[in-house]
Structures are given as C-alpha cells and as structure tokens.
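Participant: Return a 3D structure for these sequence lines:
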Amino acid sequence: MWDSESESVTGRDYGNGVLSSRKHGVKTDGFEQRDHSWYVTTDIPSDFLVQVGDVNFHLHKYPLLSRSGKMNRLIYESRDLDLNKVALDDLPGGPEAFELAAKFCYGIAVDLTAANISGLRCAAEYLEMTEDLEEGNLIFKTEAFLSYVVLSSWRDSILVLNSSEKLSPWAENLQIVRRCSESIAWKACANPKGIRWAYTGKPPEVPSPKWHEMKDSTPSRYSQVPPDWWFEDVSILRIDHFVRVITAIKVKGMRFELIGAAIMHYAGKWLPGLIQDGGGFIDEASNSSNSNSNSSSGGISWKGGLHMIVAGTKDDIPTAETKDQRMIVESLISIIPPQKDSVSCSFLLRLLRMANMLKVAPALVTELEKRIGMQFEQAALADLLIPSYNKNETLFDVDLVQRLLEHFLVQEQTESSSPSRQTFSDKNMYDGTQRSANTSSKMRVARLVDSYLTEVSRDRNLSLTKFQVLAEALPESARTCDDGLYRAIDSYLKAHPSLSEHERKRLCRVMDCQKLSIDACMHAAQNERLPLRVVVQVLFSEQVKISNSLANNTLKVSSEAQYQPMISNRKTLLEGTPQSFQEGWATAKKDINTLKFELETMKAKYLELQNDMDNLQRKFDKMTNKKQTSAWTTGWKKLSKFTKMTNLENNEIGSQVAAPEELTRKTPGRWRNSIS
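Facilitator: Next up is the predicted model:
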C-alpha cells in the first residue's frame with residue numbers, strides 16, 4: 001500500500017530484486033523438476049543428494065561447499081569421507097527456500113520478492129552463507145534487500161511479516177518480525193499523504209460510518225485518506241504479529257480511539273461469532289470464502305478467520321481450535337488501551353462472553369470485568385444476558401452481572417473522590433457536574449439492572465437471595481421510580497408460585513411503595529400474588545400522595561387566585577382532568593358508596609339487636625317483682641346505659657364519615673376496587 005518514488009529507485013539499485021552469483025564452478029542452464037525431485041541441467045553428473053522434507057535435490061558438492069558453512073561442517077567433519085547424502089528436515093522455509101539458495105550457489109539468477117525474502121533469509125542463516133566464505137554471499141544480499149526495499153514499502157512489510165508466520169523462531173531471532181512491525185507502525189502513524197491505495201487484503205465491504213465518506217473505493221494519490229486506512233491490511237496478520245504491530249503503534253503515540261477501533265476490526269475478522277447476533281455455528285463456507293478472497297488479493301495464503309462457536313458445551317469444540325480461539329481472545333484483552341472509551345462496552349461484553357466459554361485465564365477475565373465496570377452505563381440488555389456455562393446453575397450468569405455492578409460502583413466512588421488539586425471555585429464547579437454525571441449514570445444502570453432482573457426472574461433456578469442481592473446492590477438514590485423493580489418482582493412471583501408468605505414479604509422489601517407510579521399502584525392493588533401487607537402499604541402510600549397533592553394544590557390556588565381565574569363549573573374541571581385520573585375517580589366513588597351501604601346495614605343490625613335487648617330487660621324486670629335492686633339488675637342497667645351511649649357515639653361517627661365523602665367529591669382521589 002505504501003508506494004513511493006524512493007522504492008522504485010532502491011529496486012533499481014538491486015537489479016529489481018534479481019540476485020546472481022558472479023562465480024560458479026559448474027555451468028548449468030537451470031533446474032528441472034521430475035516428480036518430487038530436482039535435477040541440475042548440466043553435463044556433469046550429480047554427486048550429492050540433499051533431502052528437504054519429501055523433496056530430493058540432486059546437486060554437486062563444490063557449489064554448496066564454496067558458499068555454505070553448514071555443508072562444509074556436515075561433509076568434512078563427518079567420518080564418512082564418501083558422504084553423498086544429507087537430510088535437512090529442519091531447514092526454515094522448506095524446499096522452496098532451499099531451491100532458491102541452491103540456485104544462488106550455482107549462479108542462477110534468483111528473483112527476490114516480498115513473499116520469498118523472509119524464507120530465503122532464514123535459510124541463508126541456517127546454511128551459514130556468510131561473507132567469510134565469499135564476498136556478497138546470500139546473507140548479505142538478502143539482508144540488504146530487507147533493509148532497503150522491504151522496510152521502505154508498506155505493502156512489502158505487511159507481506160513479509162505475514163510470510164514469517166511459519167518461520168519461528170528464525171524470523172524472530174533475526175529481528176525480521178521486530179523490524180517489519182516497527183516499519184508498519186511508523187507508516188501507520190505518519191502523515192498518510194501520498195499513499196497509493198493498493199490493499200494487500202480484502203477492502204472492508206461496510207465502511208466505517210464516521211471515517212469513510214468517499215464514494216470511490218480506490219481514490220487517487222492526492223485524495224483525502226481516512227484515519228482507518230491501515231485496519232484491513234493489518235488484520236490479515238496472525239495474532240502474535242498483530243500484537244507486535246499494535247504495541248509498536250502504541251509506542252508511536254497513536255490515538256487510543258483508533259487503536260481500539262483496529263482491535264475491534266481484527267476481532268470481527270478473526271472471531272465472527274463475536275459480532276454475530278444469536279447462537280449457533282458460523283458457517284464454514286463463509287469462512288472458506290473469506291480465506292479464498294484474502295488469498296487471491298496480494299498473493300497471500302492464509303487460513304482465514306477462525307469460526308466461533310457461540311452455543312454448545314466445551315466437549316463439542318475441537319481442542320486445537322479452542323486453543324487458537326483462546327489465544328486470540330487473551331491477546332486482544334491484553335492489548336486493549338486502558339482509556340475508558342477506547343472500545344465499546346458491547347464489544348467488551350461479547351468478548352467476556354467468549355472468554356467465559358473458552359475458559360480464558362482468570363486474571364484476564366477479572367481485568368476485562370473491571371474494564372466493563374468503567375463504562376457499564378453504556379451496556380445493552382442483550383449483551384448482559386451471558387449464559388452460565390456451569391451445569392446445575394441458573395440459565396444466565398447472575399453472579400457475573402453482580403461483579404460488573406460492583407466494579408461500576410467502585411469506579412464511580414473513585415471518580416467522585418479523585419479531584420484534589422483544584423482551586424475552590426473550580427472544585428465546586430467540578431463537584432457539581434461530576435455529581436450530576438454520576439447520578440445520571442447510576443440511574444441508567446438502575447434501569448438496566450431492573451430490565452435484567454425482569455429477564456432472569458423467569459428462571460426457576462434463580463434463588464431469592466441472588467435476586468435480592470442484585471436488586472439491593474444500587475443505592476436508593478439511583479432509582480427515582482421503582483416501576484421497573486416492581487415489574488421484576490411480579491415476574492419473579494409468577495415464575496415461583498411456591499414461595500411462602502415470608503419469602504414473598506422478603507422479596508417485596510427491595511421495593512419502595514412510595515416510588516411507584518399511579519399505574520403501578522393500580523396494578524399492585526389488584527395483584528393477588530403480592531402479600532396483603534404490601535397491598536395495604538401501596539394503598540396507604542397512594543392515599544398519602546393524594547393528601548399531599550391536595551394540600552399543595554390548595555396552597556397554590558390560594559396564592560395564585562388573584563392571577564389565575566377559577567374554574568367555575570364541574571364540566572370544565574372534568575374536561576381538564578386526564579382520562580386515567582377520571583377513571584380512578586369513578587372507581588373511588590363506587591368504593592365509597594359500597595362502604596357507605598355496608599355501614600348503614602351494620603347500623604340497622606345494631607339497632608335491631610338493641611331493641612331485642614331492651615325487650616329482654618323489661619321481661620326480666622317484670623319477673624323479678626322486687627323493690628330492691630340486686631347486683632345482677634344493676635349490671636344489666638349499666639349495660640343498657642352503655643349501649644345507649646355507644647349508640648350516640650355511632651351516630652356521631654356516621655356524621656363524620658359523611659364529611660370526608662363530601663370532601664372527596666370536591667377533590668378527586670385515586671382509590672382501588674373493594675375486595676369485599
């Protein structure tokens with residue numbers, strides 16, 4: 001991708017990448033292949049056989065001895081003077097690299113490219129083709145090509161680093177990986193003016209919404225280049241080389257947002273299950289097509305993205321694939337920038353889901369959980385529904401969400417107490433804004449937790465203790481309304497009908513009845529699953545609200561009477577009242593009439609019983625025929641007097657009941673249906 005005029009000049013200095021040896025002892029027209037063997041086309045019969053893997057090379061001793069120190073040692077240090085066969089199974093680069101090295105020994109021109117230079121450089125080091133044997137030997141020339149041609153080109157640096165994956169540890173020891181990584185990092189952080197768009201990998205099908213605003217996918221040399229121009233090229237690298245490049249880019253001082261975006265792009269390419277919605281397997285056909293498309297562009301052969309298993313047990317995943325995926329997840333966790341918004345919270349939660357499924361190292365999982373706690377208010381409910389991979393447990397990992405919430409609260413407390421070196425006015429201003437930001441974030445987290453509790457409450461295996469601990473984890477100030485918490489409690493009661501009365505009361509203690517809305521109170525008053533004590537508390541809190549609102553409205557009307565006209569008639573008042581409040585008033589009026597009828601019935605029954613008692617008293621007095629009053633008679637008379645006094649008190653109570661009725665007619669209130 002990084003092509004400049006200096007590259008072409010350097011290429012001409014090195015004969016456009018064509019190497020040839022000026023001295024050679026055997027004249028030949030080249031090599032020819034027969035089946036799995038290579039032969040030198042010369043009149044002199046070959047006297048030396050070199051086996052590299054399953055390929056045989058029929059060569060001559062003198063050209064190899066004159067340029068390879070390893071061949072000298074193998075032949076002259078051997079006790080067998082007539083040695084004519086050598087096996088080099090551990091040669092880096094394999095038969096392809098040895099073929100090029102053998103051609104160089106025979107003086108045949110070798111075309112150096114970014115695809116074969118790393119293997120040939122490692123093979124030259126293995127064969128010890130140093131300057132001590134001949135000036136301008138293979139080590140010198142391959143090293144010069146790497147330094148002056150490859151490292152000055154963006155595209156060649158990517159290709160060489162990608163081709164070095166099978167050359168460990170030779171490429172690492174020869175500093176090929178380090179030098180290519182630093183070259184890529186330097187070019188990615190430099191001013192991208194003059195970049196020619198020649199992708200080594202497949203260009204992204206869906207451009208970034210903020211950065212890609214260009215219609216042409218191959219802009220000209222002087223077009224404006226987006227900041228993420230290097231994402232696709234770097235994403236074709238293996239995870240260990242990608243980590244080296246990102247580490248070098250961090251050292252160069254690139255913005256953490258770009259580094260985080262590059263990590264998410266790489267994860268989406270190599271772990272498709274990370275961004276797939278829903279469970280199941282990623283289709284192998286899609287992965288193979290991705291691999292073919294990437295190998296067709298730029299001449300790179302790689303195995304494509306690893307398909308991710310989102311659902312299933314650990315036994316269903318092949319061991320080798322599990323190790324590869326675990327290594328990718330662990331590496332990505334370790335290189336995420338420490339800043340808060342470097343990557344999205346959704347990406348972190350999906351990465352955490354994979355980490356739990358793949359049994360990633362506990363230290364890295366804990367670090368990832370702390371990162372999620374830093375931006376927990378940005379989480380979505382769908383990403384929080386992480387399955388529990390332990391058998392005989394809940395369907396979702398409730399303990400994990402509890403830990404995330406604890407990390408969030410610790411982070412909020414740390415941020416609120418962090419500012420110390422500020423002036424008095426600045427500190428007060430900061431405290432005000434920080435306090436409001438913390439409050440709003442806690443409110444968002446409270447709504448998220450209530451929604452999560454509603455979802456997980458349907459699980460029959462969810463214990464009451466886990467539900468209660470998660471519901472009470474947030475402070476009371478985080479919830480201004482407990483409707484979401486009431487909805488979660490009602491859902492839990494539906495899924496657990498076998499709860500005892502004590503357990504239901506314990507469950508309802510996490511809710512504050514005074515924070516319920518009118519609609520929630522109406523539903524709670526008719527909810528048969530709630531304990532009777534909770535229903536009474538709901539009705540009482542609603543009555544207190546109505547009384548307070550009436551008192552406040554009375555004071556407001558009296559203070560603003562001279563500025564606002566009074567509503568004169570009942571029809572206008574009803575038209576200005578919300579429909580839900582009118583329906584509540586009609587229900588309350590019906591309840592009042594029912595209570596009044598029951599009270600009148602009880603009074604009539606009481607009077608009837610009093611008359612019967614008076615008749616019995618008269619009959620008793622006639623039967624005694626005594627002038628003196630005994631203690632028995634005195635007791636009955638006292639009882640009669642007491643009943644008469646009670647009758648008078650009941651009449652007074654009846655008159656007092658009528659007064660609130662008239663009051664409630666003037667001031668509409670919210671009542672529940674009678675349970676009688």
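Participant: going forward, measure contacts between C-alpha atoms and count neighbours the same way
Facilitator: OK.
Participant: For Glu501, give its distance to Asp490.
Facilitator: For Glu501, the distance to Asp490 equals 14 Å [Cα to Cα, to the nearest Å].
Participant: ditto for Gln543
Facilitator: 22 Å.
Participant: and if you look at Lys250?
Facilitator: On the measure of Cα to Cα, Lys250 and Asp490 end up 50 Å apart.
Participant: before we move on, what about Leu609?
Facilitator: 46 Å.
Participant: between these two, which one's more packed in?
Facilitator: The neighbour comparison of Leu609 against Asp490 (other Cα atoms under 10 Å) goes to Asp490, with 20 against 11.
Participant: Name the SS class of the spatially closest residue to Leu237 that is not a sequence neighbour, please.
Facilitator: Nearest residue to Leu237, sequence neighbours excluded (Cα to Cα, 6 or more residues apart in numbering): Asn162, at 5.6 Å. Using DSSP: H, G, I helix; E, B strand; the rest coil, the three-state assignment for Asn162 comes out as helix.
Participant: ditto for Trp38
Facilitator: Of the three states, Trp38 takes strand under three-state DSSP.
Participant: bridging residues for it?
Facilitator: Beta-bridge pairing for Trp38 (DSSP bridges): Gln33, Phe57.
Participant: any idea how far Leu65 is from it?
Facilitator: In terms of Cα to Cα, Trp38 sits 19 Å off from Leu65.
Participant: for Leu405, same thing?
Facilitator: Applying Cα to Cα to Leu405 and Leu65 gives a distance of 70 Å.
Participant: who has more neighbours, those two?
Facilitator: Taking other Cα under 10 Å, Leu405 and Leu65 do not tie; Leu405 has more neighbours (25 against 19).
Participant: CA atoms of the host helix or strand of the more buried one as PDB?
Facilitator: Secondary structure from DSSP states H and E places Leu405 in helix 398-416. The C-alpha trace of helix 398-416 is given here as PDB (Å, rounded to 0.1, in the frame of the first residue of the first chain):
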ATOM      1  CA  VAL A 398     -26.200 -13.600  37.500                       C
ATOM      2  CA  ASP A 399     -23.000 -13.600  39.600                       C
ATOM      3  CA  LEU A 400     -21.100 -12.100  36.700                       C
ATOM      4  CA  VAL A 401     -23.500  -9.200  36.400                       C
ATOM      5  CA  GLN A 402     -23.300  -8.700  40.200                       C
ATOM      6  CA  ARG A 403     -19.500  -8.400  39.900                       C
ATOM      7  CA  LEU A 404     -19.800  -6.000  37.000                       C
ATOM      8  CA  LEU A 405     -22.100  -3.800  39.000                       C
ATOM      9  CA  GLU A 406     -19.700  -3.800  42.000                       C
ATOM     10  CA  HIS A 407     -16.800  -2.700  39.700                       C
ATOM     11  CA  PHE A 408     -19.100   0.100  38.400                       C
ATOM     12  CA  LEU A 409     -19.900   1.300  41.900                       C
ATOM     13  CA  VAL A 410     -16.200   1.200  42.900                       C
ATOM     14  CA  GLN A 411     -15.300   3.200  39.800                       C
ATOM     15  CA  GLU A 412     -18.000   5.800  40.500                       C
ATOM     16  CA  GLN A 413     -16.800   6.200  44.000                       C
ATOM     17  CA  THR A 414     -13.200   6.500  42.900                       C
ATOM     18  CA  GLU A 415     -14.000   9.200  40.300                       C
ATOM     19  CA  SER A 416     -16.100  11.200  42.700                       C
END
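Participant: just checking, what packs against it?
Facilitator: On a contact count with 3 or more Cα pairs under 8 Å, 6 or more residues apart in numbering; DSSP states H and E, helix 398-416 meets helix 362-374, helix 424-456, helix 464-471.
Participant: closest one to Leu74 among those helices?
Facilitator: helix 362-374 (48.0 Å; Cα to Cα).
Participant: what does that closest one rub up against?
Facilitator: 330, 333-334, 340, 345, 348-349, 352, 355-356, 403-409, 411 (Cα atoms under 8 Å, 6 or more residues apart in numbering).
Participant: mind listing what's buried in that helix?
Facilitator: Buried positions in helix 362-374, judged by neighbour count with 16 or more other Cα atoms under 10 Å: Leu364, Val365, Leu368, Glu369, Lys370, Arg371, Ile372, Gly373, Met374.
Participant: now swap in stretch 125-140 and tell me
Facilitator: Glu125, Tyr126, Leu127, Glu128, Met129, Thr130, Gly136, Asn137, Leu138, Ile139.
Participant: Need the single longest helix in this protein, by residues.
Facilitator: Longest helix in the chain by number of residues (criterion: DSSP state H): helix 579-624.
Participant: For Pro226, give me the pLDDT.
Facilitator: At Pro226, the model reports a pLDDT of 82.
Participant: That one: what secondary structure?
Facilitator: coil.
Participant: For it, grab phi and psi.
Facilitator: Here is the backbone geometry of Pro226 (degrees, to the nearest 10): phi -70, psi 160.
Participant: And the one 3 residues further on, by the same measure?
Facilitator: Note on Trp229: its backbone torsions stand at phi -60, psi -20 [degrees, to the nearest 10].
Participant: again with Leu167
Facilitator: Dihedral angles (degrees, to the nearest 10) for Leu167: phi -110, psi 20.
Participant: which residues does Ser451 contact?
Facilitator: Ser451 is in contact with Leu381, Gly484, Ala488, counting by Cα under 8 Å, 6+ apart.
Participant: which non-adjacent residue is nearest His265?
Facilitator: Nearest to His265 is Phe231, by Cα to Cα, 6+ apart, at 6.9 Å.
Participant: Tyr126 and Asp89: what is the separation?
Facilitator: 12 Å.
Participant: Check Lys605 too.
Facilitator: Separation of Lys605 from Asp89 (Cα to Cα) stands at 111 Å.
Participant: if you count what's nearby, which of those two comes out ahead?
Facilitator: Asp89 (13 against 10).
Participant: The more buried one against Val52, yeah?
Facilitator: Yes - with contact defined as Cα atoms under 8 Å, Asp89 counts as touching Val52 (5.2 Å).
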